[in-house]
Every structure is written in structure tokens, then in C-alpha cells.
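**Student:** Below: sequence and its predicted model.
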2 protein chains.
Amino acid sequence: MTVPNPASPMDLFAQAPDRVSIYEVSPRDGLQNEAVMIPIEGKKRLINSLVNAGLKRIEITSFVSPKWVPQLADAEELASTLKPPPGVTFGALCPNAKGLERALSAGLSEIAVFLSASETHNKMNINKTIDDTLSVFHEIVPPAREKGLAVRAYVSTVWGCPYEGPIDPKKVLSIAKRLIDLGCYQVSLGDTIGVGTPRQTDLIVRMFRDEMPLSRIALHLHDTRGTALSNIVVGLQLGVRDFDSSVAGVGGCPYAPGAAGNVATEDLIYLMNGMGIETGVDLEGVIEAGRVAEEVIGRQLPGKVHKAGAFKLRKARTA
Amino acid sequence: MTVPNPASPMDLFAQAPDRVSIYEVSPRDGLQNEAVMIPIEGKKRLINSLVNAGLKRIEITSFVSPKWVPQLADAEELASTLKPPPGVTFGALCPNAKGLERALSAGLSEIAVFLSASETHNKMNINKTIDDTLSVFHEIVPPAREKGLAVRAYVSTVWGCPYEGPIDPKKVLSIAKRLIDLGCYQVSLGDTIGVGTPRQTDLIVRMFRDEMPLSRIALHLHDTRGTALSNIVVGLQLGVRDFDSSVAGVGGCPYAPGAAGNVATEDLIYLMNGMGIETGVDLEGVIEAGRVAEEVIGRQLPGKVHKAGAFKLRKARTA
């Protein structure tokens, strides 16, 4: 057992950043999980509300085949008709050379590639081995960079795979290094099925911290079991400065009522505000975007702060 | 800004306990917030499911006036007809000498007194000043101790008051010391409106840690803004070993759809299991109790792990 009152003055937040960058994924990671396709005007309304809240990096769609993700079949139309204001970047998922071509013709300035740290999950999701997937990335990342695009990468199932269980973090690190060597500016580490807990996050982040600047990684946590913010706090304590989130927590499986998806942007901003960490995002604006997301999607979404609101003083009844 | 890759080998969990104690509050703090009174058979079913899950300390009801909390008007009947098995303690809230009398006649072995750290909230809730409330406790706590009862205390609005805003932690400490001097074995510090964030928790817990053994405090966190588990992780990092929770997160206001109540016991147990911290509670049992809670209460409840389940390997499709 631990000594009850250790005298150590250890500051748990000594290495926490003053400022973090939020990468908003709701229009892509959120809406691709909805049972129906949201009309393009609803998507634009959601994205505009996110821009109004001060979010500067938004993944708006995916150039995967519409056969696989019909919910995002309007990718070209959306990306070519909705342009980011100055200082804002719109990105999109891009699985292959065909996707890159579509992203380029739609005029995007950033794309993201994706694969899984689990062979089985990668096979189920992309129908390729991890090595073969990385080979395909050789056909996307360097050409995209040559055209002036920024390229981000997602590695999924880092905290656990639904088919393989725990994943060796060394394997994740090795994949991440190959992605960075290839030209990706950042690797977003995904807890795809939301199983991660804080000591595991500590282990994973430390392993990366020993090998590369932490600006090379982002944490992309699903809140399926309620642990996302607690993992983010450990990330902050270790100095991570990049976090993915999705307004209102959109991204839960519509076939599992109440199941949570990505960590909710408004909950993340509330946490950061409370900790004095700058995000550049306006909490009231994100709460409003959460309400827009509920309207556009047409159901109650799992994020908490868009329901509870930021803290506001109430007037006491006078006796 | 923080240096990106500090070389510090600081172990964030060096002071975390190997084992924690969970104090289950759903039958009281949960059900008192429901719009309707749950029939006594439903309450017994819920409490039995909690016992079956391995929870050893359960607050089953409240001996406040039925005029104030009609949902718990069956307190005597429940406490006198449902007896804890060996090794399990059933407790109840007890506001005054009349409540103590009722608790004693029902045969309970533990009671809890409660007040607020905010004068305004205390006045609104109990219609007394904090000093007058503590005076009433002089009529309950020593007599209860003389009769062999254990007495716990709740201090609410520690992380913030809906009417006064931030509360000076020194004031909380001063109240807690008076409660312990009076004979309470533990003071449960409440984030009643769920506004707390991790640095604030760090500040509050450290202040207590400088003044008393941490076994004297418990954290009672509402998850209104999704921050409860992240605050609990900071508590663990500082050595806190006592946490209150409510299965399925019951305790949200029924008039605010989707609003979260207490931190959900199953989410807390999942977190502890993932961190290798013993609780003595069976996760599958708590998940089952969460389902019982939803049946008994008749609506979907906010806890996440009772919906998502613990992690289980899935079989991959063979190509």
C-alpha cells in the first residue's frame, strides 16, 4: 500500500502545456457513423457552426468510396462548395490515389491517411495487410506533399483491438515512425473502441515521448466507456498538445442507443478552460454547435456540456 | 510553453493506491432525484443487485422528512426489512435527532450527516446557516456514536456553488475538521453540480492531504460535465482511496433529459480495473446492477459501461 500522506511536492501538471490544438472530426468521423446520410445543407450548417466556435482544424469529409461510406458520398460537392475562412483548415480522409485525386480536385489543403495498428482490424477495415496499406500510402503521401498538401495520419486500435485485444505499443511506434518518415506531419493515435485507461495512456505516450517530439502525436479517444477525458488528462500531464474531438460526442453507433462516440468537443473545451489551458475555441460557440449537431442529426447526442451548459450563477430565492 | 520532451522520469501514479473503497449511493442520492417514487420491491431488487456485485458499503435511503423527499418515504420499511449480509454495511442520510431515532429503530449501523460548504446553498437546502447546521450535528453525531453507529459526513458544493460560484477550499477544510472532531469517520467532498476540473481537484485534495490522513476524505463527484473520472484520476494520483459512485450514473435530474448524475459505479470500476487498482467489486455484477437500475427506474441512464459492456474479444469474419 502507498503511504497515506507522502510529503512529495510532485506537481502533477508541471509538464502540462499552456495551450492545445483541437482537431475537430465530427463532420467525418461522426457523420460516417450515422445510419442515414445527412443532407449537404445540414453538414454545411454543422461545419459553419464549428468554424464560428473558433475551431481552426476540421475534418469535413472522406474520399473513401461511396460504396463503403454512402453517408459521405457528397464529399466532392461539400469540399468544393464550402471553403474555409482564412486561418481555418478543412481536411478529409483519403485512402488511396483515387481519393487524393478527388481531394485535389475539390481544392482541399490537407488530407489524412488511416490504418490500424492491428493486422486483423486493418484487414477487416481496409482489406489489406498493414505493410500493403503503407505501400499504398507511398502513392498518396509524397504526391500530396508535392502538391503542397499537409498530410496527417490516423493509427487506430492503439489501446485495443476488438479482434486481437491488446496491441503492443512498440508496433504502434514502428508504424508511426514509418508514417512520419513518409511525410505525415502528425500521427493521431486512436482508441477506436474506447477501452483505454490512464495507466495505459501513460505507457503509450511515454513510449512516444522517448522517441519523437510530442507535437508529432495527437490523441484521438472514443468515450465508449467514459474514460476519454481521464486519458486526455494524463496526456496533458505528459505534455501532449494535440487532441481530436467531435462536437456533442457524435460518432456513436446509431444501432447501440446511448453508446458514446468520440470525446465531445464541448466537454474537452470545458475541461481545458477549467484547467487554464488555452484552446482558442469559444465554449458557448461549441455548445451551440452541439445543439446544431443534434438538430441536423435529429437525435440526442452523448456530449454532456452542450446539455448542462457552462457553469452559470443562479439567483438564490429570497426567503 | 512547456519543453516538448522533458526528460523527467516523474511517475504520475507513484502515490496511487493499490486498492480503493467504493461507497455506493444510488438507492439514496440516485432515487431521491427521480420524479416518482420507485416501489419498495424495485428498491430492494436494486440494492440486492449491488450487494451481489460485491459492493460493501451502500447508502440505501434517507431519514429526511418525507415531506421534503417523498421518494424515500419508505425509509423505515426498507431499512427494517432489508438487512445487509455479513461484511456489508447499509447506511442512510440523517439530518437531525428525529432522523437518528428513525435510523436506530430501523436497525441501521451507519448514518451520514450532510451540509453545504456554501452558506447560500446550505440555506436553500437545509434552511439553516452552516454554524446552526453544525450545532444540530452535535445532537446527532455523539449520540449516534454512543449507540455504536458509524457516522459519515457529506460536504456539498465543494467544487462550486450554483448561487455563490467558487468556494474557498479553506472553508471546506475548516468545516471538515469540525465534522471529524465531532466524531465523523470520513468526510465525503461533493462536486454537487458537477463543475470540477482536475487542477481544482489537485488543489483541494492537496490542501486536505497537508492537514489529515487521506483516509478521512472521499470524493463524491457528479458527472454533469463529464469530468468526474478525470477528477478521480487526479485523486488517485494524490493517494485518495475512497470514492462515492452511483450505479448507471443514476442521480441526474429527470427534468433535464440526458443530464448526468453521480459518476457511474460501472464506469469507475472499469477505470480501476484498467489501472490495476483493486475494488473488490465485480464489473459484470455492476453492469448487471446498472441494467436492473434502468428496469426499476424505467428509463435509460447515463452510465456508459453498463451499455458498452466490458471489453470482450470479437471473432473476425473469415474471408
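**Tutor:** Noted; the coordinates are in hand.
**Student:** Could I get the contacting residues of the spatially closest residue to A:E288 that is not a sequence neighbour?
**Tutor:** Nearest non-adjacent residue to A:E288, counting by Cβ to Cβ, 6 or more residues apart in numbering or on different chains: A:S49, 6.1 Å away. Every C-beta, even on glycine, is put in place using the N, C-alpha and C of the backbone. When contacts are counted by Cβ atoms under 8 Å, 6 or more residues apart in numbering or on different chains, A:S49 touches A:G285, A:E288, A:A289, A:V292, A:A293.
**Student:** mind checking the SS state of A:S49?
**Tutor:** Following DSSP: H, G, I helix; E, B strand; the rest coil, A:S49 is assigned to helix.
**Student:** Count the neighbours of the residue of the stretch 201-319 of chain A found nearest chain B for me.
**Tutor:** The minimum distance from the stretch 201-319 of chain A to chain B, using Cβ to the nearest Cβ, falls at A:G274 (2.8 Å). For A:G274, the count of nearby residues is 23 (other Cβ atoms under 10 Å in any protein chain shown).
**Student:** ditto for A:A35
**Tutor:** For A:A35, the neighbour count with other Cβ under 10 Å is 10.
**Student:** mind listing what the residue lying closest to A:G274 once chain neighbours are set aside touches?
**Tutor:** Distance criterion Cβ to Cβ, 6+ apart; nearest residue to A:G274, sequence neighbours excluded, is B:T197 at 2.8 Å. By Cβ under 8 Å, 6+ apart, the residues touching B:T197 are A:Y270, A:L271, A:N273, A:G274, A:M275, B:T227, B:S230, B:N231.
**Student:** follow-up on the earlier one: the residue of the stretch 201-319 of chain A closest to chain B and B:R199 touch, don't they?
**Tutor:** Yes: using Cβ atoms under 8 Å, A:G274 is in contact with B:R199, at 7.2 Å.
**Student:** related to what we said a few turns ago, roughly how far apart are the residue nearest to A:E288 and A:G280?
**Tutor:** 16 Å (Cβ to Cβ, to the nearest Å).
**Student:** could you pull out the strands for the stretch 201-319 of chain A?
**Tutor:** Assigned by DSSP state E, counting those that start in this stretch, the strands in the stretch 201-319 of chain A fall at A:217-221, A:242-245.
**Student:** Using PDB, write out the CA atom coordinates for the longest one.
**Tutor:** Output of strand A:217-221 as PDB, limited to C-alpha atoms (Å, rounded to 0.1, in the frame of the first residue of the first chain):
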ATOM      1  CA  ILE A 217       1.300  12.800 -32.000                       C
ATOM      2  CA  ALA A 218      -2.400  13.600 -31.200                       C
ATOM      3  CA  LEU A 219      -4.800  11.600 -29.100                       C
ATOM      4  CA  HIS A 220      -8.000  10.500 -30.700                       C
ATOM      5  CA  LEU A 221     -10.100   9.000 -28.000                       C
END
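**Student:** circling back: with A:K83 as the reference, name the closest of the strands of the stretch 201-319 of chain A.
**Tutor:** With Cβ to Cβ as the measure, strand A:242-245 is the member of those nearest A:K83 (22.5 Å).
**Student:** Give me the pLDDT value at the residue nearest to A:E288.
**Tutor:** Per-residue pLDDT puts A:S49 at 98.
**Student:** if I look at it, how far off is B:E278?
**Tutor:** 45 Å.
**Student:** so how far is stretch A:47-61 from its chain's centroid?
**Tutor:** Offset of stretch A:47-61 from its chain centre (Cα atoms, centre = their mean, to the nearest Å): 13 Å.
**Student:** Counting neighbours, show which residues of it come out buried.
**Tutor:** Within stretch A:47-61, the residues that qualify as buried are A:47, A:49-51, A:53-61, counting by 16 or more other Cβ atoms under 10 Å in any protein chain shown.
**Student:** Identify the farthest-apart pair in these.
**Tutor:** Top of the distance list for the buried residues of stretch A:47-61 (Cβ to Cβ): A:G54 and A:T61, 20.8 Å.
**Student:** can you pull up the bridge partners for the residue nearest the centre of chain A?
**Tutor:** When Cα atoms, centre = their mean is applied to chain A, the residue found nearest the centroid is A:D244 (2.9 Å). In this entry, A:D244 is beta-bridged to A:Y23, A:H220, by DSSP bridges.
**Student:** Run a quick check on it versus A:V187, I expect a contact.
**Tutor:** No: assessed by Cβ under 8 Å, A:D244 is found out of contact with A:V187, at 11.5 Å.
**Student:** Show me the common contact partners of the two, please.
**Tutor:** Both A:D244 and A:V187 are contacted by A:A218, under the criterion Cβ under 8 Å, 6+ apart.
**Student:** low pLDDT regions in chain A?
**Tutor:** For chain A, residues meeting the criterion pLDDT under 70 lie at A:1-9, A:252-259, A:317-319.
**Student:** now the end-to-end length of stretch A:10-30.
**Tutor:** 39 Å (Cα to Cα, to the nearest Å).
**Student:** Tell me the buried residues in that stretch?
**Tutor:** Of all the residues in stretch A:10-30, those buried under the rule 16+ other Cβ under 10 Å are A:12-13, A:15-17, A:20-30.
**Student:** Looking at the residues you listed, which one is closest to B:T120?
**Tutor:** Closest to B:T120, out of all of those and judged by Cβ to Cβ, is A:F13, at 30.7 Å.
**Student:** sec struct for the closest one, please.
**Tutor:** Recorded secondary structure, A:F13: coil (three-state DSSP).
**Student:** ok, so what distance separates it from A:L115?
**Tutor:** 33 Å.
**Student:** Please apply the same query to A:P302.
**Tutor:** Distance of A:P302 to A:L115, given as Cβ to Cβ: 27 Å.
**Student:** before we move on, what about A:D202?
**Tutor:** Relative to A:L115, A:D202 is positioned 24 Å away (Cβ to Cβ).
**Student:** Neighbour count: the two, which is higher?
**Tutor:** A:L115 (25 against 19).
**Student:** what about A:G303, how many neighbours?
**Tutor:** 34.
**Student:** Please apply the same query to A:P143.
**Tutor:** Close neighbours of A:P143, defined as other Cβ under 10 Å, add up to 16.
**Student:** That one against A:L100, yeah?
**Tutor:** Yes: using Cβ under 8 Å, A:P143 is in contact with A:L100, at 6.5 Å.
**Student:** OK, contacts around the nearest residue to A:D242 once chain neighbours are set aside?
**Tutor:** Leaving out its chain neighbours, the residue that sits closest to A:D242 by Cβ to Cβ, 6+ apart is A:A218, at 3.6 Å. Residues near A:A218 by Cβ under 8 Å, 6+ apart: A:Y23, A:Q186, A:V187, A:S188, A:L189, A:V240, A:D242, A:F243, A:D244.
**Student:** Closest one to B:E139 out of those, please.
**Tutor:** Of all those, A:F243 has the smallest distance to B:E139: 51.3 Å, by Cβ to Cβ.
**Student:** Can you tell me, leaving aside adjacent residues, what's nearest to the closest one?
**Tutor:** Closest residue in space to A:F243, ignoring its immediate chain neighbours: A:L219 at 5.4 Å, by Cβ to Cβ, 6+ apart.
**Student:** Which stretches in chain A count as helices?
**Tutor:** Here chain A has its helices, by DSSP state H, at A:40-52, A:75-81, A:97-105, A:119-126, A:130-138, A:141-146, A:169-182, A:198-209, A:228-238, A:265-274, A:283-297, A:305-308.
**Student:** hmm, the shortest one touching chain B?
**Tutor:** It stands for helix A:305-308. Yes: figure legend: helix A:305-308 in contact with chain B (Cβ under 8 Å from any Cβ of the partner chain); contacting residues A:V305, A:K307, A:A308.
**Student:** Okay, A:P84 and B:H121: tell me how far apart.
**Tutor:** Noted for A:P84: a distance of 45 Å to B:H121, by Cβ to Cβ.
**Student:** quick one, which of the two is more surrounded?
**Tutor:** A direct count of neighbours by other Cβ under 10 Å for A:P84 and B:H121 places B:H121 higher, at 24 against 19.
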